[in-house]
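# The following comprises the amino acid sequence and a computationally predicted model.
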Amino acid sequence: MTSIPARSPLLRWLWIAAGLLTAAIVLVTLAPRALAVTHTQVNNDRPSITTTTAPAPNATRTPAVVPAAQHPVSATAIAQQMQSAIQNASPGTTVGIDVVDTYTGATLASLNAGQQFYTASVVKLLIALDTMQGQGWNPSPDTSGQISQMLSLSDDDIADALWDDGGNDAIIARQVSKIGLSGTTAPGDIGEWGETLTTPKDVVSIFHYISTSIPAPARDLIINALHNTAHTAADGTDQYFGIPDGLSGRAWAIKQGWMDLDSSTTLDTTGLVGDVPGLYRYAVVVLTTQPADTNWSVAGTALTDGVTLLHTVLN
């Protein structure tokens with residue numbers, strides 16, 4: 001049998017050095033992959049807020065101890081990008097934005113969040129809350145049907161009736177006190193509920209209140225109606241702008257608003273957004289005051305262009 005010749009000491013050291021170099025290259029190549037997997041696992045382990053499990057009544061928007069996921073763009077920067085996209089499509093538009101991660105309390109996008117804008121039909125959220133609260137959170141089947149239709153179809157006739165029944169601007173006073181809204185005021189003309197003024201921050205607070213502080217049956221009635229928002233409203237308006245078109249592929253429960261005055265055009269897209277129905281992690285609010293006589297299609301496209309940019313931070 002032929003034996004394998006022994007290696008000289010020099011060759012032995014060359015083999016050892018080559019082996020160490022190869023091991024180092026393998027470790028450097030694999031390390032980033034291992035880190036990436038670990039990062040993904042941490043994100044996937046975080047639960048999302050669900051509208052069927054309410055946290056304690058004193059829950060606030062204070063960030064949780066666990067830090068929010070890091071985003072490549074700051075809250076101000078992404079909001080400014082959204083504003084630019086909206087203004088490029090509809091020049092002269094004033095924009096207010098507040099986007100909040102309801103799990104961590106982190107603000108993901110914010111611009112003019114404390115500035116007042118007309119609510120238009122977004123005020124129907126307060127009308128619905130006040131109506132149910134006035135009936136002990138146990139509305140009759142007829143009233144439940146009215147509330148659902150007022151929200152999903154944005155039915156103005158039902159809003160008119162419930163607004164009158166609730167005492168007009170008294171509805172706003174009660175809900176401002178109940179929810180703790182700092183920037184919401186009743187309309188100057190109490191017959192025009194759509195001219196109620198609010199802020200993006202207050203609208204986020206309204207969604208937080210609905211999700212966490214009212215009885216489950218009342219919450220489900222509102223959220224289901226918002227999730228089932230019809231493509232075409234009772235007045236024939238296309239309600240799919242902003243959130244539903246800009247965040248396609250995600251689940252949402254929305255309340256849109258639109259109003260045409262002599263001095264301005266109001267278009268608002270607001271709601272809760274998540275990966276699946278009932279699991280709504282994000283509150284998204286974009287309020288706009290656009291120039292008078294702005295074409296509705298142009299106005300809606302502007303909001304969709306802005307909201308689309310949120311795909312970069314909703315993860």
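That came in fine, so what should we check first? Residues are numbered from 1 along each chain as shown.
# Show the contacting residues for Thr93.
The neighbourhood of Thr93, defined by CB atoms under 8 Å, 6 or more residues apart in numbering, consists of 86-87, 288-291, 294, 302. C-beta coordinates here come from the backbone N, C-alpha and C atoms, glycine included.
# in this protein, which ranges drop under the pLDDT threshold?
For the chain, the stretches with pLDDT under 70 are 1-72.
# So the spatially most central residue of it: helix, strand or coil?
Centrality entry for the chain: nearest residue to the mean C-alpha point is Val284, 2.1 Å, by CA atoms, centre = their mean. Local secondary structure at Val284 is given as strand here, using DSSP: H, G, I helix; E, B strand; the rest coil.
# quick check, His208 in a helix?
Yes - under the criterion used here (three-state DSSP), His208 sits inside a helix.
# For this protein, which segments count as helices?
For the chain, helices defined by DSSP state H occupy the ranges 9-44, 75-89, 124-134, 141-152, 156-165, 169-179, 200-212, 216-227, 243-246, 296-308.
# a markdown table for the ones you listed, including distance to Thr270 and mean neighbour count?
As requested, these are arranged in a markdown table below (distance: least, CB to CB, whole Å; neighbours: other CB atoms under 10 Å):
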| stretch | distance to Thr270 | mean neighbour count |
| --- | --- | --- |
| helix 9-44 | 26 | 10 |
| helix 75-89 | 14 | 19 |
| helix 124-134 | 8 | 23 |
| helix 141-152 | 12 | 18 |
| helix 156-165 | 16 | 18 |
| helix 169-179 | 15 | 18 |
| helix 200-212 | 5 | 24 |
| helix 216-227 | 9 | 19 |
| helix 243-246 | 8 | 22 |
| helix 296-308 | 11 | 21 |
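# Just put these in a markdown table and tack on distance to Asn315.
Conversion of the helices of the chain to a markdown table gives the following (distance: least, CB to CB, whole Å):
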| stretch | distance to Asn315 |
| --- | --- |
| helix 9-44 | 7 |
| helix 75-89 | 13 |
| helix 124-134 | 27 |
| helix 141-152 | 28 |
| helix 156-165 | 36 |
| helix 169-179 | 29 |
| helix 200-212 | 19 |
| helix 216-227 | 21 |
| helix 243-246 | 16 |
| helix 296-308 | 15 |
